[in-house]
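Visitor: Sequence plus the predicted model coming up.
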Amino acid sequence: MFRKKFATAMLIALAWAIPACDSGGSQPSIVLISIDTLRADHVSAYGYSRPTPNIDALAETGVLFEEAHTVAPWTLPAHMTMMTGRFPSTHGVDNDGFALDDSIPTLAETLTGRGYRAAGFVAHHYLAATYGFDRGFDDGYVYRQYLNDPRMPGAAVRGDSVIAAASDYLERSKDDERPYFLFVHLFDAHWTFSAPPPFAGRYSDGYDGPMDGTLGRMMPAIASKRPMQPADLQQLVDRYDEEVAFVDDLVGRLVAKIRSLPGGKRTVIVLTADHGEEFEDHGSLGHSVTLYREQTHVPLIIADPAIGRKGLRVPSPVRSVDLAATVGRIAGLPDDDPFLAQGEGQALQVHLEAGAEPPRLPLVIETTRYGHPRAAVIVGTSKAIAAMDYDFMGIQQTSDGPRQHAAASWRRRLELYDVAQDPLEQRPLKIDPQDAAVVFLNDWQERTWQGLQLAVRPSAGWRIRLSFPPGSTWFDEAWMEDGTRTLRLTINDDRLELGGFPPGRTYRIGLPMFIDSEEPILILEGLAGRAVLLAGGEQFSLEPGQTQRLDLSRADLCADAPPAALADGQVRIRTRPRPPQAEATIDTEAEKLLRSLGYVGR
Ligand SMILES: [Zn+2]
């Protein structure tokens, strides 16, 4: 058994190591299929009881990654990671208003720069050109064009239209000898759960309750935070599974089309999902905010006909940030290609190399959706999740007009799970500050936090005051924690006093600030005891009565080096500007679309 797998791995390594040639002769055509909202455990190749025969058939011709996890639990940042090979906190397209900055290269641009042609067919506004997704798709990037199609009711584009358009493109361009990169996105498994015939009713027939698959009927259940009636919940699952069956059928149609084309038997097909979906696994429905397995575990199948033996299953955990590099390697990019060298993913071919023990890189999942910054890390069998939650959120009036979010109180909650003993993440463990996932998560958040980040190790009787630039804070209270307890902090008139809490520990606090001030100066004032400030590689001593001014716009205040342990009386201060990014243009029509789909929009 083991020997057989070993031999397979060697064959694959050879197939995936064929060097590229600039003429395109040895570069295979590549299709990336992203199925929105498809949780891995609702695919029969991943053990589900309801069949997805076409996805399973694809897996039988390639490699299936059993433990693939997305980097973000919602559409926009998750897909931008697929297209850039960078985490959301790096590419910066993590909310409605942001588009990819020109300084960050995309997979499609990179491939078209090396002899490929590229076309994209997508089904949702969160993959629209306005966010920068169309970059590099020189043969066309189709989304809004559908909306003028009279066959398309409502705002979401149905998958059969996407597949028809993509198939039409393949047919039209079949005599073009350049290899192609085709990106296809299917939105059907996302709510509204309402599959077309013959899939409608396959599992959901015989129910006469209120659930019709629309978000409107789900919202009262989400808002009540009480468990649904079992029959209502089952109806949602049944309707979701009907959509999955529909999408599976579409995948079958597309794969058949690809394989029927000249050279189609050599085309590499990659199938994955941007995130999963919750059905009260952790007390709610949908996706976007929490980072538990039902939302992060996604299918990942790479069907490469050049692979000698098929059907290999890779058990090691892998990340969606690795996908772009993997596709880049299939296309023959050399290791020193800037797209690979500067990306944050690692090509998955390393998992298939003969005899190699693949490095187990920490899995990171992050989101700032709806103003809830959260991150999770899986290291080995430990999974740590940090959630920053509001007690209140609303509109804050400032001298510059209304600010979208205002928080009366912030709290960082930390959870820890043993994913080997408790794979469904139902039994949180007592937090161990030394746990590898907790340590990595704390460091990750410190490196990526887009606000003010403090680490404080007070000595006895020590007290300092921080005065923020006017108009730059949007909270009245915050919580700091050392992994075992939390302490409440009160911020009055843009001032925060630190002191009066137990010494001998390091506390961390992330203050979500947007600094609008022309003079983003933080003033630190010693009130009692001697404090040592560490900021941007510099050290300042602060005696009682002394003040120190710190320019928060200084780029060097965020160093990438792992933070050193603090000594008693020390405070480390870091800020990180938002990553480079452009502004996404969302016109009234697009905003209407987003609202019709249940999104808030900006
Ligand atoms: Zn999505």
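Guide: Good, I have the coordinates.
Visitor: L261: what's it in contact with?
Guide: Listed by C-beta atoms under 8 Å, 6 or more residues apart in numbering, the contact partners of L261 are L170, E171, K174, T267. Yep, even glycine has a C-beta here, placed from its N, CA and C like the rest.
Visitor: Return a ChimeraX selection command for the buried portion of these.
Guide: Buried members of the contacts of L261 can be picked out in ChimeraX with the line below, counting by 16 or more other C-beta atoms under 10 Å:
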select :170,267
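Visitor: would you turn the contacts of L261 into CSV with distance to P428?
Guide: What follows is these, written out as CSV (distance: C-beta to C-beta, whole Å):
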residue, distance to P428
L170, 48
E171, 53
K174, 54
T267, 45
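Visitor: Looking at the contacts of L261, which is nearest T90?
Guide: For the contacts of L261, the minimum distance to T90 (C-beta to C-beta) is 30.5 Å, reached by T267.
Visitor: what's around the closest residue to the closest one other than its chain neighbours, how many residues?
Guide: Distances taken as C-beta to C-beta, 6 or more residues apart in numbering place S29 nearest to T267, at 4.4 Å, with adjacent residues excluded. Residues near S29, counting by other C-beta atoms under 10 Å, number 22.
Visitor: Please report phi then psi for S29.
Guide: With angles defined as degrees, to the nearest 10, S29 sits at phi -70, psi 150.
Visitor: try the one 4 residues further on
Guide: Main-chain dihedrals, I33, degrees, to the nearest 10: phi -110, psi 120.
Visitor: packing partners for the helix or strand encompassing E171?
Guide: Assigned by DSSP states H and E, E171 belongs to helix 159-172. Applying 3 or more C-beta pairs under 8 Å, 6 or more residues apart in numbering; DSSP states H and E, one finds that helix 159-172 contacts strand 117-121, strand 180-186, helix 230-260.
Visitor: per-domain residue ranges of this protein.
Guide: Using automatic domain parsing, the domain parsing of the chain gives 2-358, 451-577.
Visitor: winner for burial among the helices and strands packed on helix 159-172?
Guide: strand 180-186 (a mean of 26; mean count of other C-beta atoms under 10 Å).
Visitor: which other residues reach that strand?
Guide: Outside of strand 180-186, the residues within contact range by C-beta under 8 Å, 6+ apart are 29-36, 79, 107-108, 111-112, 116-124, 127, 137, 139, 159, 162-163, 166, 169-170, 173, 247, 250-251, 254, 327, 331.
Visitor: Looking at the helices and strands packed on helix 159-172, spot the one closest to the ion.
Guide: Nearest of the helices and strands packed on helix 159-172 to the ion, taken as C-beta to the ion: strand 180-186 at 8.9 Å.
Visitor: near the ion at all, the closest one?
Guide: No - against the ion, strand 180-186 shows no contacts by C-beta under 5 Å from the ion, the least distance being 8.9 Å.
Visitor: got a list of contacts for the very next helix or strand once past that strand?
Guide: Per DSSP H and E, strand 180-186 leads on to helix 215-224 as the next helix or strand towards the C-terminus. Outside helix 215-224, the residues that touch it by C-beta under 8 Å, 6+ apart are W191, T192, P210, M211, M228, D232, L236, S284, L285, G286, L597, G598.
Visitor: ok so, going back, need the domains of the chain in a markdown table with mean pLDDT, can you?
Guide: Formatted as a markdown table, these follow (pLDDT from 0 to 100):
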| stretch | mean pLDDT |
| --- | --- |
| domain 2-358 | 89 |
| domain 451-577 | 77 |
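Visitor: Show me which of those domains has the highest average neighbour count.
Guide: domain 2-358 (a mean of 20).
Visitor: for the closest residue to A565 other than its chain neighbours, what are its contacts?
Guide: Sequence neighbours aside, T506 is the residue nearest to A565 in space, at 7.4 Å (criterion: C-beta to C-beta, 6+ apart). Applying C-beta under 8 Å, 6+ apart to T506 gives the contacts A455, V456, R457, D482, A565, L566.
Visitor: what does A303 give?
Guide: By C-beta under 8 Å, 6+ apart, A303 lies in contact with L58, A59, T61, G62, V63, V268, I269, V270, L271.
Visitor: now, which of those sits nearest the ion?
Guide: Of the contacts of A303, the one sitting nearest to the ion (C-beta to the ion) turns out to be L271, at 14.9 Å.
Visitor: Report the beta-bridge partner residues of that closest one.
Guide: Assessed by DSSP bridges, L271 has beta-bridge partners I33, I301.
Visitor: Next, the contact list for it, please.
Guide: Residues in contact with L271 (C-beta under 8 Å, 6+ apart) are I33, I35, I55, L58, V251, P299, L300, I301, A303.
Visitor: rerun that using 10 Å as the cut-off
Guide: Listed by C-beta atoms under 10 Å, 6 or more residues apart in numbering, the contact partners of L271 are 31-35, 38, 43, 54-55, 58-59, 62, 64, 184, 251, 254-255, 298-303.
Visitor: To which secondary structure element is the closest residue to the ion within the stretch 401-550 of the chain assigned?
Guide: Closest residue of the stretch 401-550 of the chain to the ion, C-beta to the ion: E425 (20.6 Å). Counting by DSSP H and E, no helix or strand carries E425.
Visitor: Tell me if I'm right that it and T381 touch.
Guide: No - contact criterion C-beta atoms under 10 Å: E425 and T381 do not qualify, at 11.9 Å.
Visitor: So which of these two has more stuff around it?
Guide: Comparing E425 with T381 by other C-beta under 10 Å, the one with more neighbours is E425, at 22 against 14.
Visitor: can you give me the strands in the stretch 301-450 of the chain?
Guide: Using DSSP state E, counting those that start in this stretch, the strands of the stretch 301-450 of the chain run over 312-319, 363-367, 374-379, 382-390, 393-398, 401-407, 410-418.
Visitor: Just the CA atoms of the shortest one, as CSV, please.
Guide: Taking only C-alpha atoms (Å, rounded to 0.1, in the frame of the first residue of the first chain), the coordinates of strand 363-367 have been written out as CSV:
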residue,chain,number,x,y,z
LEU,A,363,-2.7,27.5,8.2
VAL,A,364,-4.0,31.1,8.6
ILE,A,365,-7.5,32.2,8.1
GLU,A,366,-8.5,35.8,8.5
THR,A,367,-11.4,38.2,8.0
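Visitor: Pull out the buried residues from that strand.
Guide: Burial within strand 363-367, assessed by neighbour count using 16+ other C-beta under 10 Å, is assigned to L363, V364, I365, E366, T367.
Visitor: Same list (the residues you listed) but as JSON lines, adding distance to the ion and pLDDT.
Guide: Below are the buried residues of strand 363-367 laid out as JSON lines (distance: C-beta to the ion, whole Å; pLDDT from 0 to 100):
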{"residue": "L363", "distance to the ion": "19", "pLDDT": "96"}
{"residue": "V364", "distance to the ion": "18", "pLDDT": "97"}
{"residue": "I365", "distance to the ion": "14", "pLDDT": "97"}
{"residue": "E366", "distance to the ion": "15", "pLDDT": "95"}
{"residue": "T367", "distance to the ion": "12", "pLDDT": "92"}
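Visitor: Find the nearest non-adjacent residue to L524, please.
Guide: Spatial nearest neighbour of L524, chain neighbours left out: Q548 (4.7 Å); criterion: C-beta to C-beta, 6+ apart.
Visitor: what does Q229 give?
Guide: That would be G209: by C-beta to C-beta, 6+ apart, it lies 7.0 Å from Q229.
Visitor: ok so, going back, which ones, among the contacts of strand 180-186, also lie beside the ion?
Guide: Answer for those near the ion (C-beta under 5 Å from the ion): D36.
Visitor: Residue in the stretch 151-300 of the chain with the shortest distance to the ion?
Guide: Using C-beta to the ion, D274 is the residue of the stretch 151-300 of the chain that sits closest to the ion, at 4.2 Å.
Visitor: my bad, should have said the chain
Guide: For the chain, the residue closest to the ion is T75, as judged by C-beta to the ion, at 3.1 Å.
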